[in-house]
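1. build me a model from this:
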Amino acid sequence: MAIFTGFKPQAMQKIASRLGYKGSMEQFDNFLEQNPEKKRQMVVYEEAAKQMAKGGVVRLQTGGAPTQS
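-> Got it, this is the predicted structure:
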């Protein structure tokens, strides 16, 4: 079983961009500290990554009917 040890630099840049951060990655932690909602979103990303490392996350979809192949 894998253990989540943190995001790779490329992943951190993508996450930072999605959170609206455009500065240097060295200052990303400061950005999160100044923006509580963005920090909460980052925690959600980290928790999802931890769950995936433990064996994945299964989410049920609604709608549709089972079919036979």
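
2. need the longest helix for the chain.
-> The longest helix of the chain (DSSP state H) is helix 36-54.

3. packing partners for it?
-> Secondary-structure packing of helix 36-54 (3 or more C-beta pairs under 8 Å, 6 or more residues apart in numbering; DSSP states H and E): helix 28-34. Using the backbone N, CA and C atoms, a C-beta is placed for each residue, glycine as well.

4. pull out the buried positions in the helix it packs on.
-> Within helix 28-34, the residues that qualify as buried are 28, 31-32, counting by 16 or more other C-beta atoms under 10 Å.

5. repeat that for stretch 2-9.
-> Buried-residue list, stretch 2-9, by 16+ other C-beta under 10 Å: Phe7.

6. got the CA coordinates for that stretch in CSV?
-> Extracted in CSV, the C-alpha atoms of stretch 2-9 (Å, rounded to 0.1, in the frame of the first residue of the first chain):
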residue,chain,number,x,y,z
ALA,A,2,1.3,3.4,-1.0
ILE,A,3,1.7,6.2,1.5
PHE,A,4,1.0,9.8,0.4
THR,A,5,4.1,11.9,1.1
GLY,A,6,3.1,15.0,-0.8
PHE,A,7,2.4,16.2,-4.3
LYS,A,8,5.1,16.3,-6.9
PRO,A,9,6.3,19.8,-8.0
